[in-house]
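Trainee: need a structure here:
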Amino acid sequence: MLKLNQNERILEILLNGKVIFSVDPYKPAPLEIGKGENFYSMSHGSFKIKENISQRIRVKITEAKADGNCALIKTNYGTLTLTVEEDRRIKVDFEGFDGYNRMWLTLPSNKDEFVYGSGEVFSEFNLKGKHANIWVAEHINALQIGKKLVKQVVGIKNATKSQAFKKYETYYAQPTFISSEKFFFHSLTTARAEFDFTKDEATVVKTDEIAPFYIGFGESFEDLMNNLTSILGRQPELPDWVYDGHILGIQGGTDIMMSKIDTAVSHGIPVNGAWIQDWEGRRVTAVGKQLFWNWEWDKELYPGLDEKIRELREKGIKVLGYINPFLAVEKPLYKEASEKGYTVKNKDGEDYYVTITTFPAAMIDLTNPKAWEWIKGIIKKNMIDFGLAGWMADFGEYLPTDCVLYSGEDPELVHNTWPARWAQVNREAVEEAGKLGEIMFFTRAGYSNTPRYSTMMWCGDNHTDFSIDFGLPSVIPAMLSLSCCGFGLSHSDVGGYTSFFNLKRSEELYMRWCEMNAFTPVLRGHEGLNPDLNAQHDASEEVLKHNAKMAKIHKELKPYIKAAVKENAEKGLAVIRPLFFHYDEKEAFEEAHEYLLGRDVLVAPVIRPKAVSREVYLPKDEWVHLWSGKEYSGGRVTVPAPLGEPPVFVRKGSDVLNLIKK
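Mentor: Predicted coordinates:
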């Protein structure tokens, strides 16, 4: 129970009768304001940001007064209003502070605290000791890839070494974190923000505007996430067909699609979908096999696709496609959008072209209501009515800060919101077509409104290797950090995506990734940026046999995963969960490369090449090793992990043990 209390001149915030924070006009305020300006340089979605702070002032509190569930804090620059909502969180609003566009808020901390969040974080999980930049960007840039390739050429392949966190960028940034002390912070800013967790006794939140924020509490982490997601929104339940096997990643045309499906089915793989990202056309560049961003069926590459979609649907196999908020400048849809004024402009009033790998593309202006309805109509007609059962709703990170928007809004304050707006367009198209619950679209980028609009996240363009910060291991903290930010449904491309030269997918990597994804909400493949370099689902008889086993397990888990997805939709408790959500143990707070699938299944994916075993931390509980049936009561154990038997443990007595036919 959260309450405000007036104790003479001091305003107290009480949680279950205990004072957790107080405001005393005679003491320094935990709030500073200031003025500043950012300078941005964007290349291929990656940003360099320089900042000039011209003023920073500590606010002086002149009066603090509580009145029931509200309180006013008057300062020498403006007024803060504190409102207790539902007895479990406080919202802080600002009035005044005119002319200031910087805010520093200092929150209490301690050296033993663990903190998680700030969006989707790949190389870290616990962020205590780190400084996080909350700005949506491309997660993987060309310079990083280039350095990696050079190192590999000269024989340096240290998969356990990650880049410095100060260089970190992410597709999905969000001004949210949760603490091991069972509270969350969430800002309503749309500007760039920073979380400074480097101090033992304090956390400093900086936002590049004076913006409202929430601080919420929970008796448990289940309560905490319920509280947080009641603000952010929750994802709906997934379509029933999603759980029925493997969604194969295929490209190259109708004949290839049908041949690969036939091969998979003949080898016993339960195929529930074919994801053909090049349904709208393929563009071959110096980088790899990419796509022609014209959101219409390419009849030359996929002749008869409309009929094949119907045929496959009758066999229980859905066909999925691809879309993003760009337009290929060589194609008809761009010409139409440009003539109608539906594209983002530069300062000279011309269409703003953004370079994507090696080619330019125009951006649909999502602040223009007519452009919004236009692209939504294209999704409904060219994708939904065409028969696609889902799609990758890619990108959203690339809005430049020097563009001109139809709405006249400052692009610096719109940039972070762009992926959420893109998710909203897709969601509205699905809902208006009456297909929510039948169609699944999955997004890569995100911000604060993404949890309420997207139906599924995927973890972006991971490297086709075992590297700790970009490869298979990075997917685990990425999914866990999304869960801590209130987005409870996520998965990744089986085998990763980014592949160049000697950075290519081995059969071992493919199989290890497939093992992991069998124990996530969605099992979906991707041929990758350079398919010819990569082992695919049909690379060999061994891979086909392995894939069949994992896809069958995923299908057998359907009742269990569906129940967890329903719990996420109703309560905001993620399907992929950190161990500490259910176990108050130091090791559980530290563990970044294991996760709970729902409440009863612990998964410790194999994240090193050529591994035949793995050490696993088991929280104090009664666990049954899935493959051997051996029972454990917690602690660190090392178990065999041959291909096809990733370390998976089930809580003793769970029905899961009756679902899987090993």
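
Trainee: please count neighbours and contacts with C-alpha atoms only from this point.
Mentor: Fine.

Trainee: off-centre distance for stretch 341-356?
Mentor: 28 Å (CA atoms, centre = their mean, to the nearest Å).

Trainee: quickly find the element holding residue 543.
Mentor: Following DSSP states H and E, one finds residue 543 within helix 541-556.

Trainee: what angle sits between the helix or strand following that helix and helix 541-556?
Mentor: Note on helix 541-556: by DSSP H and E, the next helix or strand toward the C-terminus is helix 558-571. In terms of direction (axes from the mean of the first three to the mean of the last three CA atoms, to 10 degrees), helix 558-571 departs from helix 541-556 by 50 degrees.

Trainee: quick one: the helices in the stretch 251-400 of the chain, in order.
Mentor: Assigned by DSSP state H, counting those that start in this stretch, the helices in the stretch 251-400 of the chain fall at 254-266, 305-314, 332-340, 369-378.

Trainee: next: the stretch 551-662 of the chain.
Mentor: Using DSSP H, counting those that start in this stretch, the helices of the stretch 551-662 of the chain run over 558-571, 586-590, 656-659.

Trainee: from what I can see residue 454 touches residue 423, true?
Mentor: Yes - the criterion here is CA atoms under 8 Å, and residue 454 meets it with residue 423 at 5.3 Å.

Trainee: any weak-confidence spans in the stretch 101-250 of the chain?
Mentor: Flagging of the stretch 101-250 of the chain using pLDDT under 70 yields the residue ranges 142-143, 145-159.

Trainee: picking that back up, give the residues shared as contacts by residue 454 and residue 423.
Mentor: residue 443 (CA atoms under 8 Å, 6 or more residues apart in numbering).

Trainee: related to what we said a few turns ago, reformat the helices of the stretch 251-400 of the chain as CSV; add mean neighbour count.
Mentor: Converted to CSV, those look like this (neighbours: other CA atoms under 10 Å):
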stretch, mean neighbour count
helix 254-266, 16
helix 305-314, 15
helix 332-340, 16
helix 369-378, 17
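
Trainee: quick one, which of those is nearest to residue 5?
Mentor: Proximity to residue 5 (CA to CA) singles out helix 369-378 among these, at 46.1 Å.

Trainee: now for the closest one, which elements pack on it?
Mentor: Helix 369-378 is packed against helix 418-432, with contacts defined by 3 or more CA pairs under 8 Å, 6 or more residues apart in numbering; DSSP states H and E.

Trainee: return the set of buried residues in the helix it packs on.
Mentor: 418-430 (16 or more other CA atoms under 10 Å).

Trainee: the stretch 51-200 of the chain: helices as residue ranges?
Mentor: Along the stretch 51-200 of the chain, counting by DSSP H, counting those that start in this stretch, helices occupy 142-153.

Trainee: which strands and helices lie in contact with the one helix or strand residue 517 maps to?
Mentor: Using DSSP H and E, the element containing residue 517 is helix 507-518. Applying 3+ CA pairs under 8 Å, 6+ apart, one finds that helix 507-518 makes contact with helix 541-556.

Trainee: which elements pack onto the helix it packs on?
Mentor: Contact here means 3+ CA pairs under 8 Å, 6+ apart; on that basis helix 541-556 packs against helix 507-518.
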